[in-house]
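task: produce atomic coordinates for the following.
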Amino acid sequence: MNSRATELKRRPAKVKIYVSTGEGVEIDWADGHVSRYDFPFLRDSCPCAVCNDEREKKEREKSKGLPALPMFKERVKARGAKPIGNYAIQIDFSDNHATGIYSFEYLRSICPCADCAKEARASGS
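Numbers count the residues shown, from 1 in each chain. Next up is the predicted model:
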């Protein structure tokens, strides 16, 4: 992919955050792609250091064969969201977590749509 196409792929044309309805985040990308993320998915994908450490810990335990006990978690919602410069958004979640900064590059890389999943598998990501 050439650098212009890569730049368009990572640049949002329009960002809509549906806090009051709870629908999540919708991004229309400059290359014409549309990504939709629900708030529980974004919370589970939080890129902050604490959440990354927690995911790594769970993976280590899983690889050691330690059972992961399922726990009831109330469906997380967003209480608010704000832009971080021209490069990211920050979401204040109902579980009192608000430290994750979701860069647009990161959001595009975790797009949950079938086309992006297929592209990620094809590239080995």
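
shouldn't residue 47 be within a helix?
No: counting by DSSP: H, G, I helix; E, B strand; the rest coil, residue 47 is not found in a helix; it is coil.

list the contacts of residue 103.
47, 87-88 (CB atoms under 8 Å, 6 or more residues apart in numbering). In this view, the C-beta of every residue, glycine as well, is placed from N, C-alpha and C.

next, give phi and psi for the residue minimising distance to the centre of the chain.
The centroid of the chain falls nearest to residue 42 when counting by CA atoms, centre = their mean (4.1 Å). Backbone torsions of residue 42, given as degrees, to the nearest 10, read phi -60, psi -40.

surely it touches residue 97?
No: contact between residue 42 and residue 97 fails when scored by CB atoms under 8 Å: they sit 10.6 Å apart.

what ranges in the protein fall below the confidence cut-off?
Scanning the chain for pLDDT under 70 picks out the ranges 1, 66, 68-70, 72, 124-125.

can you give me the helices in it?
3-10, 39-44, 49-63, 104-109, 114-123 (DSSP state H).

pull up the gap between residue 63 and residue 57, please.
Per CB to CB, to the nearest Å, residue 63 is found 11 Å from residue 57.

how many other residues sit next to residue 18?
Neighbourhood size, residue 18 [other CB atoms under 10 Å]: 15.

oh, that last question was meant for residue 85, not what I typed.
Around residue 85 there are 7 residues (other CB under 10 Å).

cool, and residue 114?
8.

any idea how far it is from residue 14?
22 Å.

and what of residue 32?
Taking CB to CB, one finds residue 32 at 12 Å from residue 14.

reformat the helices of the chain as TSV; add distance to residue 25.
Converted to TSV, the helices of the chain look like this (distance: least, CB to CB, whole Å):
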stretch	distance to residue 25
helix 3-10	16
helix 39-44	7
helix 49-63	17
helix 104-109	8
helix 114-123	15
